[in-house]
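J.: What shape does this take:
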Amino acid sequence: MIRVIGAAIAALLPGSALAEAPMPALAVVALSVEAGNSRVELPGPGPGRISGEAMLGTAYRVRWVRNGSEWRIRATRTDQTKVWRLALEARYPRDTRALTPWHYTLPVRVPLAPVARRGQAYWVWTIGVPSKLVSEAPDGRTALTPMTSSHHGFWIIGEADGSTSAQFGLDAWEVDASVEMAFRLGPSTAERRAAPPSPGAPILKGFLRVDRQAWAFTDATGKASRMMGRNQHDFVSLTRAEQVALLRGMRANGMNTLRVLVQDPLFRPLPGVWNGESIHRLRQGLDLCALFGIRVVVCLELSGCGYQYSVSQHASPCWSDLYLLPEARSWYADMVDRVVRPLRAHPAVAAWDVTNEPDMPPDPASRVQAEGVRAWRAGNRPSGEPAPLPTVAEYEAQITEAARDYWAWSSSALAEAVIDRARMVRRADPNHLITLSAWDPRLLRGHKGAEVFDYWSPHTYDLWLNGPVIEKHVLGLVLGQRNALPGRPRPVVIEEFGMSEAPDRPEALRAEHVRQFLAAAAKYRAGGIMHWWDMAPALLKPYRTAPYMAPPLAGRALAVWLPPSHYPSTVIYSRYMDRRKWEDALWKAVQAGYAPRFITAPSEAPGLGALLQLDAPAPGDEASFAARSGLPAWAPAPP
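T.: Numbering: from 1, shown residues only. I've put the predicted structure just below:
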């Protein structure tokens, strides 16, 4: 490993005339490349303008200019030597009390006293870098302010010597590619909380309910409604003017629903340490949404997308342990008390999304997975030998017994965890809807309490193209989840979709992608659809002209069955071609004049005319399913 750092520290470059320059509370500002073990240092703040150049190993050439308390730095890639991270680093002395990163206008105070482990990252900002970073020392507050945006990622690291450092990640991957940064150091004072908007008459009253046919929703007046809108994960960090512009644009383009996320980097930088300003702004934002007639789906847990609770939080190096660890459950209960309970009567809340994209891939770093699988095997395979955790590749292939056993245990454990979270929410709030995003709800069957969920919210990034495949995909999502649980059907809202901006995905292509998804969602009666990525005006326009909802499919009733041995393909991303095959078979059945309905037990077959078996059954009970259903059965032709 070579570690090369350019720093502004009390021990300056040998012979520097600025060695006696007074230093503010910030002790070190450093540029680092981790690929070995060398260090280059830049001078600290002082009078005048100086410049220099240095090599970071063989991978980067760094040119810098320091003018007073401002640094401008350019790093140019010189070869393809493997590096772990290129970053600007700020190191703080041991008596620093807290660091406060600002996400746009939102301060998030991270106290340093609770840090229990040194020599590792203990707090990770996963949604970008701060607009400024304020340090608290006994003799004052100092702000480090980035003045450019050519950087990504942010880490607070407990160093082995008891100091703390913060790293701003940078990008420069190709040879001759450069990244430029500018930072300013200066005093900082506490900022005042923005005043709330002047009160107005909210458009929204009452709560959403699932409609009688369980395709969509109704409001308090009985008016039919679909959740049509977009995601804005960092809504609480926007200025009031930005929030108003966002909501006004949504209204003008026929949107009525916004999804926001309670994510740890903004709301809870450490377990038990809450950022009260974020909770305050969430309430203010909901008040504003009520004025505009926009309802909000609040996702209560970012999970693996934000490495919530676990990675860098000292609970476990495996993020999905948050669904298994008792301390993580207590943190969720705390969040319910602080966020859900106070908002249980708020008219702008459309629903609580209990967790974002739950998943539990095998991870040898997990504190609990190996023991959980061992206990499952002891109860279900008493004569079997202990088996190690499967690799991720084995898990995704589902060929080995160890992989299949891990799937059986983990899908059951995850089902119990998300139901437990949903029941906490329901106890705190009897009024609003509850949903679960991006998981196959069929996996909840047989688990007590699954009926607590009111609708399903799949996410889809399987498709980065346009064409008939979109219609087939939406058909599969809606029909595949609507009757996932016995007792009653539930609406299906496509909660995330879209293409990100890229040179090979121009605005017109992305706008057409939105249009085709909205058309398919209306045709196959999705209860709503919400875009994830930033939306240019051309991407908003299809919402303005989107059809409401087509009549239910008419035709001969057709039972559709997916053998449970193929359920892993519904949630393991790499097996998306299995999903494409099933969606194509469904679409062909619709074109042939059938009205498909998914079933999961032979007892659900009466009244349906035939059985479409989407894939080959496993030996045993699955092999006799068709006969036990009493229906004539057919299967799609092999590809």
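J.: is it true that Pro563 touches Asp615?
T.: Yes. At 5.8 Å, Pro563 counts as touching Asp615 under the criterion of Cβ atoms under 8 Å. To be clear about C-beta, it is placed using only N, CA and C from the backbone, and glycine gets the same treatment.
J.: Buried ones in the helix or strand containing Val179, by neighbour count?
T.: Using DSSP states H and E, Val179 maps to strand 178-187. Buried residues in strand 178-187, defined by neighbour count with 16 or more other Cβ atoms under 10 Å: 179, 181, 183-185.
J.: Which helix or strand lies directly C-terminal to that strand?
T.: strand 209-210.
J.: Direction included, what does the helix or strand just after that next one pair up with?
T.: Counting by DSSP H and E, the element after strand 209-210 in chain order, helix or strand, is strand 217-218. Sheet pairing for strand 217-218, assigned by DSSP bridges, gives strand 209-210 (antiparallel), strand 224-225 (antiparallel).
J.: Report the rounded mean pLDDT for strand 217-218.
T.: Confidence over strand 217-218 (mean pLDDT, whole number) is 98.
J.: How about the backbone phi and psi for Asp353?
T.: phi -100, psi 110 (degrees, to the nearest 10).
J.: Show me the beta-bridge partners of the nearest residue to it once chain neighbours are set aside.
T.: Excluding its sequence neighbours, the residue lying closest to Asp353 (Cβ to Cβ, 6 or more residues apart in numbering) is Cys299, at 4.0 Å. On the basis of DSSP bridges, Cys299 is bridged to Leu261, Asp353.
J.: so Cys299 makes contact with Leu282?
T.: No. If you go by Cβ under 8 Å, Cys299 and Leu282 don't touch, sitting 11.8 Å apart.
J.: Show me where the stretch 451-600 of the chain has its helices.
T.: 468-482, 507-523, 537-544, 568-571, 576-591 (DSSP state H, counting those that start in this stretch).
J.: quick one on the thing from earlier: for the strands paired with strand 217-218, which one sits closest to Asp621?
T.: strand 209-210 (32.4 Å; Cβ to Cβ).
J.: outside of the closest one, which residues touch it?
T.: Residues from elsewhere that reach strand 209-210 (Cβ atoms under 8 Å, 6 or more residues apart in numbering): 216-219, 433, 454-455, 490-491.
J.: right, and the pair among these with maximum separation?
T.: Longest span within the contacts of strand 209-210, Cβ to Cβ: Asp219 and Arg490, 18.1 Å.
J.: List the residues that contact Ala627.
T.: So Ala627 contacts nothing (Cβ under 8 Å, 6+ apart).
J.: I'd guess it is in a helix, am I close?
T.: Yes. Ala627 forms part of a helix when assessed by DSSP: H, G, I helix; E, B strand; the rest coil.
J.: Check the gap between it and Ile599 for me.
T.: 14 Å (Cβ to Cβ, to the nearest Å).
J.: related to what we said a few turns ago, adding mean neighbour count, distance to Ser163 and mean pLDDT, write the helices of the stretch 451-600 of the chain out as TSV.
T.: What follows is the helices of the stretch 451-600 of the chain, written out as TSV (neighbours: other Cβ atoms under 10 Å; distance: least, Cβ to Cβ, whole Å; pLDDT from 0 to 100):
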stretch	mean neighbour count	distance to Ser163	mean pLDDT
helix 468-482	22	50	96
helix 507-523	19	45	96
helix 537-544	17	46	95
helix 568-571	20	43	93
helix 576-591	18	46	94
